[in-house]
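Student: quick one, what's the 3D model for this:
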Amino acid sequence: MSNAPAKGTALVTGASGGIGGVYADRLAKRGYDLILVARNEAKLTALSTRLTGETGRSITVLPADLGNKADLARVEATLRDDPRITMLVNNAGTASVAPLLDADIEKMAGMIDLNITALTRLTYAAVPGFVARGGGTIINIASVVGISPEALNGVYGASKAYVIALSHSLQHELAGKGIRIQAVLPGATATDLWEIAGLHYRNLPAEIVMSAEDMVDAALAGLDQGERVTIPPLQDGEEWDRFEAARRALSQHLGNSTPAPRYRAGMILNLHLT
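Tutor: Below you'll find the model as predicted:
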């Protein structure tokens, strides 16, 4: 049994295995009650039974396909209506390794529905209650491909870039309201996401593949340290600090009433041609 003090309830999406399953395990052992969300009810029930026995925490199973509007609405309602919820882990997602010309557009649309739309709606459902209660944590599972979209399927990379951008915006907007937003950027992680995407992780170089346990433990350590963005595989954290500082510095130079001098010759040429 866990002796950790109670910390409220964490709702974890994609909790039936992989990264989500490890989050459920670690959070229960940290003293959180859980609401476990995923499509596979049998796996959720097995995980719930194990964690209840090991930790004594209250664990609720909420089977839902977040790509289904009715199921998504049920999870949204839970986030809006349950004041015990203090944490949302937006982990559910899917991926693809297919290049644009080989990718099925319906699968890409489904990926957008899950990786972007569902995550956004769940966040919007949770935040007002967190603000009203003066506290709460949202952990958004993004990916390193969000800053390196050339690495895999472009829609997948773009969907994770959205998660990073949304997290940055929320961090800015909710500063001072007691809400913590953490974006986690895993690299290649040993989960069945890769097989679903079309490439088993065992076919990747072993030296780039991290276990789900190590990834989550590092992410939670980053949360404990107050990080806004946690990149478990990045060995030199100052590289991200420099990247982020450069991005913020660049943003100060993006508003001007006149085009940059490098474009003026083309503008003059266009005027002469019209």
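Student: any regions of the stretch 1-150 of the chain where pLDDT drops low?
Tutor: With pLDDT under 70 as the threshold, the stretch 1-150 of the chain has low-confidence stretches at 1-3.
Student: just the strands in it please.
Tutor: For the stretch 1-150 of the chain, the strands identified by DSSP state E, counting those that start in this stretch occupy 9-13, 33-38, 59-63, 85-90, 136-141, in order along the chain.
Student: helices or strands up against the second one?
Tutor: When contacts are defined as 3 or more CB pairs under 8 Å, 6 or more residues apart in numbering; DSSP states H and E, strand 33-38 packs onto strand 9-13, helix 18-29, helix 41-55, strand 59-63. (C-beta placed from N, C-alpha, C; glycine too.)
Student: show me the contact partners of it.
Tutor: 6, 8-17, 20, 24, 27-28, 44, 47-48, 51, 57-64, 66, 75, 78, 82, 84-85, 92 (CB atoms under 8 Å, 6 or more residues apart in numbering).
Student: now the one helix or strand Ala245 maps to: buried residues?
Tutor: Per DSSP states H and E: Ala245 is located in helix 237-251. Going by neighbour count (16 or more other CB atoms under 10 Å), the buried part of helix 237-251 is Trp240.
Student: can you dump the C-alpha coordinates of stretch 94-113 into PDB?
Tutor: Coordinates of the C-alpha atoms in stretch 94-113 are reproduced here as PDB (Å, rounded to 0.1, in the frame of the first residue of the first chain):
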ATOM      1  CA  THR A  94      -1.700   8.000 -32.500                       C
ATOM      2  CA  ALA A  95       1.200   8.200 -35.000                       C
ATOM      3  CA  SER A  96       2.200   7.400 -38.600                       C
ATOM      4  CA  VAL A  97       5.500   6.900 -40.300                       C
ATOM      5  CA  ALA A  98       4.000   7.000 -43.800                       C
ATOM      6  CA  PRO A  99       5.200   9.800 -46.200                       C
ATOM      7  CA  LEU A 100       2.500  12.100 -47.600                       C
ATOM      8  CA  LEU A 101       2.100  10.400 -50.900                       C
ATOM      9  CA  ASP A 102       1.600   7.000 -49.200                       C
ATOM     10  CA  ALA A 103      -0.700   8.200 -46.300                       C
ATOM     11  CA  ASP A 104      -4.400   7.600 -46.200                       C
ATOM     12  CA  ILE A 105      -6.200  11.000 -45.800                       C
ATOM     13  CA  GLU A 106      -8.900   9.500 -43.600                       C
ATOM     14  CA  LYS A 107      -6.200   8.100 -41.200                       C
ATOM     15  CA  MET A 108      -4.600  11.500 -41.200                       C
ATOM     16  CA  ALA A 109      -7.900  13.100 -40.300                       C
ATOM     17  CA  GLY A 110      -8.400  10.600 -37.500                       C
ATOM     18  CA  MET A 111      -5.000  11.400 -36.200                       C
ATOM     19  CA  ILE A 112      -5.900  15.100 -36.100                       C
ATOM     20  CA  ASP A 113      -9.100  14.300 -34.300                       C
END
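Student: gap between it and the chain center?
Tutor: The offset between the C-alpha centroid of stretch 94-113 and the centroid of the whole chain comes to 18 Å, using CA atoms, centre = their mean, to the nearest Å.
Student: buried ones in it, by neighbour count?
Tutor: Along stretch 94-113, the positions that meet the burial threshold by neighbour count (16+ other CB under 10 Å) are Thr94, Ala95, Ser96, Ala98, Ala103, Met108, Met111, Ile112, Asp113.
Student: does the third one touch Asn153 like I think?
Tutor: Just to be clear, that refers to Ser96. Yes. Because the distance of 4.0 Å satisfies CB atoms under 8 Å, Ser96 is recorded as touching Asn153.
Student: picking that back up, so which of the strands of the stretch 1-150 of the chain is nearest Thr230?
Tutor: In this view, those are compared for proximity to Thr230 by CB to CB, and strand 136-141 is the closest at 9.1 Å.
Student: hmm, who's touching the next helix or strand after the closest one?
Tutor: Downstream of strand 136-141, the next assigned helix or strand under DSSP H and E is helix 154-173. For helix 154-173, the external contacting residues (CB under 8 Å, 6+ apart) are 90, 93, 95-96, 100, 103, 108, 111-112, 115-116, 119-120, 123, 127, 138, 140-143, 145-151, 179, 181-183, 185, 197, 228-229.
Student: try stretch 212-226
Tutor: Under the contact criterion CB under 8 Å, 6+ apart, stretch 212-226 has outside partners 18-19, 21-23, 26, 30, 137, 139, 180, 182, 184, 186, 189-191, 230, 232.
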